[in-house]
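S.K.: give me a 3D structure for the following:
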Amino acid sequence: MNRRSTFSRRMFIATSAATALVARFSSLALADDAASYEAVTGKAIEWLGSRQADDGSFSSQIGSGPTAMVITALLRQGRTPADPVVAKGLKYLEGTVQTTGGIHGAKSRLPNYETCVAVVCFQEANGDGKYTEIIKKADAWLRGNQIDGGDAKKPEDFDYGGAGYGGPSRPDLSNTSYLLDALKAAGAGPDDEAVQKALIFVSRCQNLESPANTTPFANKVNDGGFYYTPVLSQQDATRESDANGGLRSYGSMTYHGLKSMIYAGLTKEDQRVKAALTWVQKHYDLTSNPGMGDAGLYYYYHTFAKALATSGLDEVEDAAGKKHNWRADLVAELAKKQESNGSWVNKNNRWMEGDAVLCTAFVLLALSYAKPKA
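M.R.: Residues are numbered from 1 along each chain as shown. Okay, the predicted model is just below:
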């Protein structure tokens, strides 16, 4: 055997050994990631089980929404409808089904929101078709509550296509995003009429001057991020306004906007999606809700994870050009923030995040999009 053949053979052996070593360490890393993930989620699931009321609810003092969120989270973390905690929770939610088709407490102040999260929950548990009729009736009720021509509104009206907490309330991006989640869970596709109406409203919540947004706020900030609503009350104008007279973009709303546009069929070539992704790159952060600090932080984690998973992105390149595996970053940050009892809670009580059950539900939902690959 000549020297060149010997050298080539040795290089082949060395390369093969290196490849095998990398594969071995990669397998060990994946195993460690999976073990860490299971430890974090398992402890949280156990804690949530200890917080369930006798009637099957969770934090019912703030409505039926937390119960729907918790049960959806448990189902997405591998529990089944036969699991005792899940079964009790579903039974409680069945008791909130109204004759109108709505799924909410009889005196709820948040009937649209509660119905939306309940539809998603029931669909998650609907493997045997048990909840099909409930979902169908709720879908019709939600469509009837969307602001459209039936409310004597025209497409040029700023509130057209949006949804609020319920009844005649002002629409906002958060509730409209939850509406789109429910419509999708009930089977609506991008071309669905209600989805396309919602897109009109969603586009008006973006700081981007375009044919889709001709509101007075569109060109004030123009950074591609999203704000809460273009239909302002006096309180909104004071709370949401940017220094230059526009409306402040912030993290949770931008991720809601990105996800909603993708649900409505927009691609990464659309200028609205491009602008939103540019904002995401410039404001990549897992220590705060960008633009809001610690307010709504756990709500932010859920919208962050859902939007990025929906977009198909595995990595986000930040403003400095550094690439981030957002799933790994999310798991690591949430593991650091977990309380010793397995829960999460926000010291900032805004938007009810002083409730550990609600925060823990948000976290388990967020983590459902960040499971380590087997």
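
S.K.: in which helix or strand does the closest residue to Asp270 other than its chain neighbours reside?
M.R.: Leaving aside its sequence neighbours, Asp270 sits nearest to Met261 (CB to CB, 6 or more residues apart in numbering; 7.2 Å). No exception for glycine: its C-beta is placed from N, CA and C like everyone else's. If you go by DSSP states H and E, Met261 is part of helix 251-263.

S.K.: now do that helix: which elements does it pack against?
M.R.: Other elements packing on helix 251-263 under the criterion 3 or more CB pairs under 8 Å, 6 or more residues apart in numbering; DSSP states H and E are helix 173-185, helix 193-203, helix 271-282, helix 297-311.

S.K.: tell me which of these approaches Glu156 most closely.
M.R.: Taking CB to CB, helix 193-203 is the member of the helices and strands packed on helix 251-263 nearest to Glu156, at 9.4 Å.

S.K.: neighbours around Ala152, how many?
M.R.: 8 (other CB atoms under 10 Å).

S.K.: and it, how far from Glu339?
M.R.: As judged by CB to CB, to the nearest Å, Ala152 and Glu339 stand 50 Å apart.

S.K.: so, low pLDDT: which residues of the stretch 1-150 of the chain?
M.R.: Where the stretch 1-150 of the chain drops to pLDDT under 70, the residues are 1-32.

S.K.: how about the helices in it?
M.R.: 3-50, 65-76, 84-94, 111-124, 132-145 (DSSP state H, counting those that start in this stretch).

S.K.: run through who's touching the shortest one.
M.R.: To tie it back to what came earlier, the one meant is helix 84-94. By CB atoms under 8 Å, 6 or more residues apart in numbering, the residues outside helix 84-94 that reach it are 48-49, 52, 55-58, 64, 67-68, 70-71, 74-75, 79-81, 103, 118, 121-122, 125, 134.

S.K.: just the buried members of these?
M.R.: 48-49, 52, 56-58, 64, 67-68, 70-71, 74-75, 79, 81, 103, 118, 121-122, 125, 134 (16 or more other CB atoms under 10 Å).

S.K.: mind putting the helices and strands packed on helix 251-263 into a markdown table with mean pLDDT?
M.R.: What follows is the helices and strands packed on helix 251-263, written out as a markdown table (pLDDT from 0 to 100):
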| stretch | mean pLDDT |
| --- | --- |
| helix 173-185 | 98 |
| helix 193-203 | 98 |
| helix 271-282 | 97 |
| helix 297-311 | 98 |
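
S.K.: now tabulate those helices in TSV and tack on distance to Phe362.
M.R.: Putting the helices and strands packed on helix 251-263 into TSV (distance: least, CB to CB, whole Å) gives the following:
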stretch	distance to Phe362
helix 173-185	13
helix 193-203	21
helix 271-282	19
helix 297-311	4
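
S.K.: out of those, flag the one nearest Asp33.
M.R.: Across these, Asp33 has its closest neighbour in helix 297-311 (15.8 Å, CB to CB).

S.K.: hmm, who's touching that closest one?
M.R.: In contact with helix 297-311 (CB under 8 Å, 6+ apart) are residues 177, 251-252, 255-256, 258-259, 262-263, 268, 277, 280, 286, 288-289, 292, 316, 326-327, 330, 334, 344, 346, 348, 351, 353, 358-359, 362-363, 365-370.

S.K.: what is the distance between it and the centre of its chain?
M.R.: 4 Å (CA atoms, centre = their mean, to the nearest Å).

S.K.: read off the pLDDT value for the nearest residue to Thr303 once chain neighbours are set aside.
M.R.: Distances taken as CB to CB, 6+ apart put Tyr255 closest to Thr303, at 4.0 Å, once the chain neighbours are dropped. Looking at Tyr255, its pLDDT stands at 98.

S.K.: ok, Ala237 next?
M.R.: Model confidence at Ala237 (pLDDT) stands at 50.

S.K.: pLDDT below threshold where in the stretch 201-350 of the chain?
M.R.: Within the stretch 201-350 of the chain, the segments meeting pLDDT under 70 span 233-244.
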